[in-house]
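Colleague: coords below, sequence missing:
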Ligand SMILES: Nc1ncnc2c1ncn2[C@@H]1O[C@H](COP(=O)(O)OP(=O)(O)OP(=O)(O)O)[C@@H](O)[C@H]1O
């Protein structure tokens, strides 16, 4: 009856969603344990974004169940899941362009507190939020631009602000959807370092949808591969990427670098 390891923080069980006659995600079951960074990969149209939407609550499954911290959250909508601690960075849609960087972070930081109307509690809460905003401003290297309107930031800084807002929400599950998409080469390491730092804290679940295999290799402890809506394989990145089944699913998309030195089949000495 008693298992030695605690159950994973987030557990998907037989999650499926159909759009009309098309099953975009089919009976996907997997666990996401605290302290791990899982990359969700797969060819175009494999169901990665749809699966992410099922986890964050943007979509409700046709069948299956989702558990968070022992609670069945299958029917909870995205805002409620966010409140429980499932935070997702969207591609810039979470920013308020007419507010400053500091104000954006303030909104995220204050979303976690419920100070009520008692003055002393409000003052304490105000000071705590101010401290957190300063902390997250520094963490995403935006202290010097705290008073800029979000709309006027360069693209890379907007992405940093978005990660900062996610950090300020202090979730237990961090979801990143192609976090470096559209960023210039010199901006990419800043975002990757931030994600790596979250991963290295080892007390969060980090989920990443990512096409770039070098990013996956450098960050992920584990990969899950979706193909035609199904879970094709899961495990350690190098092992999964090298699997013939996964290679075949990508139908010629290059997953293994040219220097991997794979000999043709049947070419044994
Ligand atoms: N709202 C929807 N209505 C109908 N079909 C949809 C809907 N959303 C997704 N699909 C279909 O479900 C399948 C999976 O799409 P999804 O966007 O999740 O794939 P993906 O792996 O994220 O692809 P990509 O890597 O190209 O972003 C696709 O065939 C897509 O056309």
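Modeller: Thanks, I have the structure now. Since the structure is predicted, the reported quantities are computational estimates derived from the model, not experimental observations.
Colleague: surely residue 211 is within a strand?
Modeller: No: applying DSSP: H, G, I helix; E, B strand; the rest coil, one finds residue 211 to be coil, outside a strand.
Colleague: mind listing what it touches?
Modeller: The contact partners of residue 211, by CB atoms under 8 Å, 6 or more residues apart in numbering, come to 41, 178. The C-beta positions use only the backbone N, C-alpha and C, and glycine is treated the same way.
Colleague: for the chain, which residues are neighbours of the ligand?
Modeller: 19, 22, 24, 42, 44, 45, 46, 47, 48, 49, 50 (CB under 6 Å from any ligand atom).
Colleague: among these, name the buried ones.
Modeller: Neighbour-count burial (16 or more other CB atoms under 10 Å) is assigned, among these, to 24, 42, 46, 47, 48, 49, 50.
Colleague: please identify which pair of these lies farthest apart.
Modeller: 24 and 42 (11.8 Å; CB to CB).
Colleague: and residue 250, what pLDDT?
Modeller: Predicted confidence (pLDDT) for residue 250: 80.
Colleague: what about it, neighbour count?
Modeller: When neighbours are defined as other CB atoms under 10 Å, residue 250 has 18 of them.
Colleague: now do it against residue 170, distance only.
Modeller: Distance of residue 250 to residue 170, computed by CB to CB, to the nearest Å: 37 Å.
Colleague: and the helix or strand residue 248 falls within, how far out from the chain middle?
Modeller: Assessed by DSSP states H and E, residue 248 sits inside helix 244-249. Centre-to-centre, helix 244-249 and its host chain are 24 Å apart (CA atoms, centre = their mean, to the nearest Å).
Colleague: elements contacting that helix?
Modeller: Counting contacts by 3 or more CB pairs under 8 Å, 6 or more residues apart in numbering; DSSP states H and E, helix 244-249 packs against strand 222-227, strand 230-235.
Colleague: now stretch 127-134: buried residues?
Modeller: For stretch 127-134, by 16+ other CB under 10 Å, it's 129, 132, 133.
Colleague: that older thread, out of the residues of the chain next to the ligand, which is nearest to residue 181?
Modeller: Lowest distance from residue 181 to the residues of the chain next to the ligand (CB to CB) belongs to residue 49, with 12.1 Å.
Colleague: would you confirm that residue 137 contacts residue 100?
Modeller: No: using CB atoms under 8 Å, residue 137 is not in contact with residue 100, being 10.7 Å away.
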